[in-house]
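>>> model the following, please.
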Amino acid sequence: MRFIMDATEVMILHTNGNVGIGETNPQSKLAVNGTVTTKEVVVTDVGWSDFVFEDDYALMPLEEVERYIDEHGHLPEIPSAAEIQANGAKLGEMQAKLLQKIEELTLYLMEQNKQMEALKAALQDVQARQETSLQ
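Model prediction:
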C-alpha cells in the first residue's frame, strides 16, 4: 500500500509488514527518513549493566583505559564515531553501555575515595608522631 501526496510517495506499507515514512524500501518494521518526535521511547529486551557491581566483575585498571583511549580515540566497548556514522546506534544497547561506563566511573571514584581516606589517616598519623617527637 502506498500513500502519495502531491505526486510524492510519503509512506509505504509492504506486504511483509515493514512501514516506510519518507523511505521507499524499509528494511525494518518502521523506517523513517527524517526526524521522529515523540514523548517517550520504551526499549525492551536489552541486557542491563548491573553486572558491573557483581563481585567477580573485573574493572579495567585506569592505566589500561588511558592506553586504550590513546590508541583508539574512544572508550573501550563504546563504538567509535566512524562506527556510529557507518552503522548507526541501537538506542537500548547504547544506553546500557553508557550506564555501564557511569557505573564503572562510580566504582573508580569509590576506590579513589578509599585511597584518599587512607592517605588522610596516614598523614594524620605522621603529623601526630611529629608533634609527639617535638614535645
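>>> next, give phi and psi for A31.
As for A31, its main-chain torsions (degrees, to the nearest 10) stand at phi -120, psi 120.
>>> would you mind measuring from it to L134?
78 Å (Cβ to Cβ, to the nearest Å). From N, CA and C alone the C-beta is placed, and that goes for glycine too.
>>> what is the burial count for E104?
20 (other Cβ atoms under 10 Å).
>>> where's it, which helix or strand?
helix 91-134 (DSSP states H and E).
>>> from the chain's centre, how far out does that helix sit?
Put simply, helix 91-134 sits 23 Å off its chain's centre (Cα atoms, centre = their mean, to the nearest Å).
>>> how about the residue nearest to the spatial centre of the chain, nearest residue that isn't a chain neighbour?
Note on the chain: the residue nearest the mean C-alpha position is L98, at 1.7 Å, using Cα atoms, centre = their mean. Using Cβ to Cβ, 6 or more residues apart in numbering and skipping the chain neighbours, the partner closest in space to L98 is I78 (7.9 Å).
>>> what backbone torsions are found at that neighbour?
Phi and psi for I78, reported as degrees, to the nearest 10, are phi -110, psi 130.
>>> give me the distance between it and I84.
Per Cβ to Cβ, I78 is found 9 Å from I84.
>>> same question for S133.
Distance from S133 to I84, by Cβ to Cβ: 61 Å.
>>> list the buried residues in the helix or strand containing A82.
Using DSSP H and E, A82 sits in helix 81-87. When neighbours are counted by 16 or more other Cβ atoms under 10 Å, no buried residue of helix 81-87 is found.
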